[in-house]
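Student: fold the following, please.
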Amino acid sequence: MRQAKARDTMRRWRGSSRGLAEIVGTLMLVVIVVAAATAFSFFVAAYQKQVQDEEALTHDRALESVKIVGIEASPCQVGFNNTCHSLGCDSCIANLSFTVVSLDVNAMGFTNLFLNHLPVVNYTATVRGSIQSPCFNATSRNNTTWGLFPCSTLVVPGSSTVTLHFNLGGCLTPHCGSNAYWALGPGEGPGNIPSSNQFSLQFVTARGNQFAETFSPPVAVISVFYVSGGLTSIPVFDGLNSYQPKSADNSSVVQYAWHVTDSNGMNITDPNCGNNGVGTGGEFECANLTGSYDVQLMVTNSDGLTGMTSIPFTT
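Tutor: Numbers count the residues shown, from 1 in each chain. Reported below is the predicted structural model:
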C-alpha cells in the first residue's frame, strides 16, 4: 500500500516538473523571440538612419554651388632691395584676389584651396566685411614647415560673397607683419609668379565637392600699317587685334603698353615715337624711324593679367 502511494507521488512530481520545464522553455522562447525582434528593429532603425543621413548628405552636396566671378591682380612694386622681376615690375603679380559667390542657401565650408594646382598654405578671406585667416600657419617667411599644419575650415554663409586674398610676394618688408607670408610657401617668392600665367583656383568643400575655375591672360597681337606723312609714310603699330580667350568672368583687354628699342635692345631717343619709344593705346605711331627695331606690346585685361609679344621691324 505504501509502495503504491510512493509511486503515485513520484508520478505527480514528475508531471509537475515536466509542466514547469515546459513553462520555462516557453518563456525562454518568448524572450528569444522578443530579443530578436528588438535587435532587428534596432538594426532596421539604424539602417534607415544611415540611409537618411546618406540621402541628406547627397541632397546637401547637390545644393552646393560655387562660382568664381572675377580676379584682381596687382603687379610687383620696386621695394625690398630695390629689385623687381627681371622683366619688370608689371610682369609679375604681387597680390591676387578672387571674388567667390556661394549659390547655396546653406552655409558652406571650404577645407582646402589649390592655386594653379599648388596647395595654398596662407591666405585671408573677407566674408561680409569680416576678415578671417583660416590658413596662416607660418611663423616666418623662411619657415620650412609651411603647410604641415592643417588649416581651419573657412565657413561661408549661404548666398554670400567672399573675397580671397593671396600674397604672392608683394609685401617683403618687416612692417608687413604676418600678412607678408606667401600663399604658396617657400620657393614661390616674389617675381616667380608671372602675370602672363593662366590661373586656376580649386576648392574642396567639407562635404567633398570640388569646384574650379580657370582664368586666362590676354593674347597680344601686333600688326603694322602706314599713314601718309608728307614725303614719307609713317608706320603705325596696331595692337587692336589682341584678344582675350574665353575666361570664367568674361574679362576683356583694357590696356596697351608699347616699347620700341633699337636692334641692340637700347631705348631710343625720339620724341616722335611716343615718349622715346614708350607709349600706350591700341595704336602707336612712330615717325622718323630709320634702321632695325624691336617692337614690344604688353596688353592687360580687366583682371590684371597680361600678355606680351614682340616683332622685329625694319624701315
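Student: which stretches in the stretch 201-315 of the chain count as strands?
Tutor: Applying DSSP state E, counting those that start in this stretch to the stretch 201-315 of the chain gives strands spanning 210-215, 223-229, 232-238, 253-262, 278-280, 283-285, 292-301, 306-314.
Student: JSON lines for these, including mean pLDDT, mean neighbour count and distance to residue 53?
Tutor: Yep, even glycine has a C-beta here, placed from its N, CA and C like the rest. Output for the strands of the stretch 201-315 of the chain, formatted as JSON lines (pLDDT from 0 to 100; neighbours: other C-beta atoms under 10 Å; distance: least, C-beta to C-beta, whole Å):
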{"stretch": "strand 210-215", "mean pLDDT": "89", "mean neighbour count": "17", "distance to residue 53": "21"}
{"stretch": "strand 223-229", "mean pLDDT": "88", "mean neighbour count": "11", "distance to residue 53": "62"}
{"stretch": "strand 232-238", "mean pLDDT": "90", "mean neighbour count": "17", "distance to residue 53": "63"}
{"stretch": "strand 253-262", "mean pLDDT": "92", "mean neighbour count": "19", "distance to residue 53": "50"}
{"stretch": "strand 278-280", "mean pLDDT": "91", "mean neighbour count": "15", "distance to residue 53": "60"}
{"stretch": "strand 283-285", "mean pLDDT": "94", "mean neighbour count": "18", "distance to residue 53": "64"}
{"stretch": "strand 292-301", "mean pLDDT": "92", "mean neighbour count": "21", "distance to residue 53": "46"}
{"stretch": "strand 306-314", "mean pLDDT": "91", "mean neighbour count": "16", "distance to residue 53": "49"}
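Student: outline the domain layout of the chain.
Tutor: Domain assignment of the chain by automatic domain parsing yields the ranges 1-63, 66-215, 223-314.
Student: where does the prediction get shaky in the stretch 51-200 of the chain?
Tutor: Applying pLDDT under 70 to the stretch 51-200 of the chain flags the ranges 57, 77-91, 136-150, 169-181, 185-192.
Student: now the helices for it?
Tutor: In the stretch 51-200 of the chain, no helices are defined using DSSP state H, counting those that start in this stretch.
Student: hang on, isn't residue 233 packed against residue 285?
Tutor: No - assessed by C-beta atoms under 8 Å, residue 233 is found out of contact with residue 285, at 11.3 Å.
Student: common neighbours of these two, please.
Tutor: Common contact partners of residue 233 and residue 285 (C-beta atoms under 8 Å, 6 or more residues apart in numbering): residue 227.
Student: could you pull up the residues touching the nearest residue to residue 97 once chain neighbours are set aside?
Tutor: Of all residues not flanking residue 97 in the chain, residue 72 sits nearest, at 4.6 Å (C-beta to C-beta, 6 or more residues apart in numbering). By C-beta under 8 Å, 6+ apart, residue 72 lies in contact with 96-97, 99, 303-304.
Student: for residue 28, see how far away residue 72 is.
Tutor: Distance, residue 72 to residue 28, by C-beta to C-beta, to the nearest Å: 77 Å.
Student: repeat that for residue 295.
Tutor: Applying C-beta to C-beta to residue 295 and residue 28 gives a distance of 100 Å.
Student: repeat that for residue 193.
Tutor: Residue 193 is 76 Å from residue 28, by C-beta to C-beta.
Student: more crowded one of those two?
Tutor: residue 193 (25 against 10; other C-beta atoms under 10 Å).
Student: is residue 232 in a bridge, and if so with what?
Tutor: residue 229 (DSSP bridges).
Student: which outside residues touch stretch 265-274?
Tutor: Stretch 265-274 is contacted from outside by 258, 260-262, 276-280, 284-289, 293-294, using C-beta under 8 Å, 6+ apart.
Student: one more pass at 10 Å, please.
Tutor: 229, 234-235, 237, 258-262, 276-281, 284-291, 293-294 (C-beta atoms under 10 Å, 6 or more residues apart in numbering).
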